[in-house]
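1. coords below, sequence missing:
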């Protein structure tokens with residue numbers, strides 16, 4: 001009986017020990033949870049302080065607060081997001097990308113961070129990354145006009161006009177009154193060779209804002225692609241009246257007039273374009289062609305080396321011009337006259 005009581009006493013003691021240990025563990029867990037909550041609260045206070053500094057454009061001081069918040073609570077997405085905002089304002093796009101990317105990783109449903117990340121990828125010419133981010137933004141907000149429009153622009157940049165058309169049409173369905181969606185749609189259709197659709201898009205853009213000389217130039221370029229030179233010329237004349245200082249209008253006029261066999265008018269238009277902007281590869285290439293035609297036609301004062309100089313200057317500005325390279329190769333040397341054959345030299349068999 002004494003033995004039984006002793007064993008029972010030991011069992012009770014063991015149970016008490018285990019209960020005590022459990023209480024300690026529960027207390028410790030509560031302490032850890034409480035510490036985490038305290039850290040988050042402290043981080044949020046730092047973010048509030050940083051936001052106030054950000055409003056005052058105290059970027060370095062704001063960044064220090066957000067950095068401290070990240071150090072204290074690395075899983076707090078908003079702290080990384082705020083760092084991204086500061087780095088973006090500083091012009092440090094790579095650091096901003098890292099911060100917004102981490103914010104999106106921690107909070108994938110944040111449209112603000114996703115759209116900022118997409119824009120920064122675009123600014124740094126990382127088009128495929130930008131497309132991926134904009135696609136995610138469009139998943140989060142399918143009816144966001146800017147997300148769809150900018151995604152279309154990215155598709156244009158990677159030479160995918162089919163996908164671009166789809167996104168521009170989506171943007172137009174969201175807001176039919178925004179001119180830029182129609183302009184971009186026109187460019188995409190033009191690249192696809194769908195000239196009538198492009199013309200319709202440009203006209204709709206001009207219906208929303210008629211004083212847009214660059215849109216008028218785009219419209220004229222499409223008419224030129226259709227070989228409708230007279231109507232293209234009229235459109236370009238309107239563009240020049242709207243803004244005589246727009247080099248693109250004069251450059252396109254040079255092309256149009258050269259196609260209409262008005263060499264003097266084309267020469268003058270190209271020269272006007274280059275007087276406004278000396279770095280226009282198409283205008284320089286056009287002048288080279290006009291000068292070489294004068295050489296071929298044996299016009300007075302026509303010089304092959306002048307044509308070559310225009311073409312070489314054009315290639316310096318844009319090396320991706322295979323047609324200009326072919327012209328240089330074809331016309332770089334004066335063709336030799338055929339060898340003269342004197343009568344009787346061929347031999348008569350005598």
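-> Nice, thanks for sending it over. What you are looking at is a predicted structure, and each value in this text was computed from that prediction instead of being measured.

2. Need the per-residue pLDDT for residue 346.
-> Per-residue confidence (pLDDT) for residue 346: 42.

3. can you map out the helices along the stretch 1-150 of the chain?
-> Secondary structure of the stretch 1-150 of the chain (DSSP state H, counting those that start in this stretch): helices at 2-55, 59-72, 77-90, 93-106, 111-123, 127-140, 145-157.

4. closest one to residue 175 among the ones you listed?
-> Residue 175 lies closest to helix 145-157 among these, at 4.9 Å (C-beta to C-beta). Where C-beta positions appear, they are placed from N, C-alpha and C, glycine not excepted.

5. helices or strands up against that closest one?
-> Using 3 or more C-beta pairs under 8 Å, 6 or more residues apart in numbering; DSSP states H and E, the elements in contact with helix 145-157 are helix 111-123, helix 127-140, helix 161-174, helix 179-191.

6. Dump the ones you listed to JSON lines, plus mean pLDDT, distance to residue 38 and mean neighbour count.
-> Converted to JSON lines, these look like this (pLDDT from 0 to 100; distance: least, C-beta to C-beta, whole Å; neighbours: other C-beta atoms under 10 Å):
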{"stretch": "helix 111-123", "mean pLDDT": "98", "distance to residue 38": "26", "mean neighbour count": "22"}
{"stretch": "helix 127-140", "mean pLDDT": "98", "distance to residue 38": "32", "mean neighbour count": "20"}
{"stretch": "helix 161-174", "mean pLDDT": "98", "distance to residue 38": "45", "mean neighbour count": "20"}
{"stretch": "helix 179-191", "mean pLDDT": "97", "distance to residue 38": "49", "mean neighbour count": "23"}
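
7. So what's the model's average confidence on the one helix or strand residue 266 maps to?
-> If you go by DSSP states H and E, residue 266 is part of helix 263-276. The pLDDT scores in helix 263-276 average 97.

8. Name the next helix or strand following that helix along the chain.
-> Using DSSP H and E, the helix or strand that follows helix 263-276 in sequence is helix 281-296.

9. now what about that next one, what contacts it?
-> 247, 250-251, 254-255, 258, 263, 266-267, 270-271, 273-274, 302-304, 306-311, 313-315, 317-318, 321, 323-324, 327, 331 (C-beta atoms under 8 Å, 6 or more residues apart in numbering).

10. likewise stretch 215-231?
-> So stretch 215-231 is contacted by 179, 183, 186-187, 190, 195, 198-199, 202-203, 205-206, 209, 232-233, 235-236, 238-239, 242, 246, 248-249, 252, 255-256, 259-260 (C-beta under 8 Å, 6+ apart).

11. are any of those residues buried, and which?
-> 183, 186-187, 190, 195, 198-199, 202, 205-206, 232-233, 235-236, 238-239, 242, 246, 248-249, 252, 255-256 (16 or more other C-beta atoms under 10 Å).

12. could you dump the helices of the stretch 1-150 of the chain to JSON lines with distance to residue 286?
-> Shown next, in JSON lines, are those (distance: least, C-beta to C-beta, whole Å):
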{"stretch": "helix 2-55", "distance to residue 286": "51"}
{"stretch": "helix 59-72", "distance to residue 286": "48"}
{"stretch": "helix 77-90", "distance to residue 286": "41"}
{"stretch": "helix 93-106", "distance to residue 286": "37"}
{"stretch": "helix 111-123", "distance to residue 286": "32"}
{"stretch": "helix 127-140", "distance to residue 286": "30"}
{"stretch": "helix 145-157", "distance to residue 286": "25"}
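
13. hang on, the earlier thing: turn the helices and strands packed on helix 145-157 into JSON lines, columns for distance to residue 295.
-> JSON lines is the format used below for the helices and strands packed on helix 145-157 (distance: least, C-beta to C-beta, whole Å):
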{"stretch": "helix 111-123", "distance to residue 295": "45"}
{"stretch": "helix 127-140", "distance to residue 295": "42"}
{"stretch": "helix 161-174", "distance to residue 295": "38"}
{"stretch": "helix 179-191", "distance to residue 295": "33"}
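
14. Show the end-to-end separation of stretch 150-165, please.
-> Start and end residues of stretch 150-165 are separated by 12 Å (C-alpha to C-alpha, to the nearest Å).

15. Tell me how far it lies from the chain's centre.
-> A distance of 9 Å separates the centroid of the chain from that of stretch 150-165, by C-alpha atoms, centre = their mean, to the nearest Å.

16. if we can go back for a sec, can you pull the buried residues of the helix holding residue 266?
-> Buried residues in helix 263-276, counted by 16+ other C-beta under 10 Å: 263, 265-267, 269-270, 272-274, 276.

17. Select, from these, the two members most distant in space.
-> Farthest apart among these by C-beta to C-beta are 263 and 276. That separation is 20.9 Å.

18. For residue 216, which three-state class applies?
-> helix (DSSP: H, G, I helix; E, B strand; the rest coil).

19. again with residue 227
-> Put simply, residue 227 is coil when judged by three-state DSSP.

20. Could you count how many residues lie near it?
-> 8 (other C-beta atoms under 10 Å).

21. what does residue 96 give?
-> For residue 96, using other C-beta under 10 Å, the count is 24.

22. Find the residue closest to it in space, skipping its chain neighbours.
-> residue 87 (3.7 Å; C-beta to C-beta, 6 or more residues apart in numbering).

23. Then residue 211?
-> residue 242 (6.0 Å).
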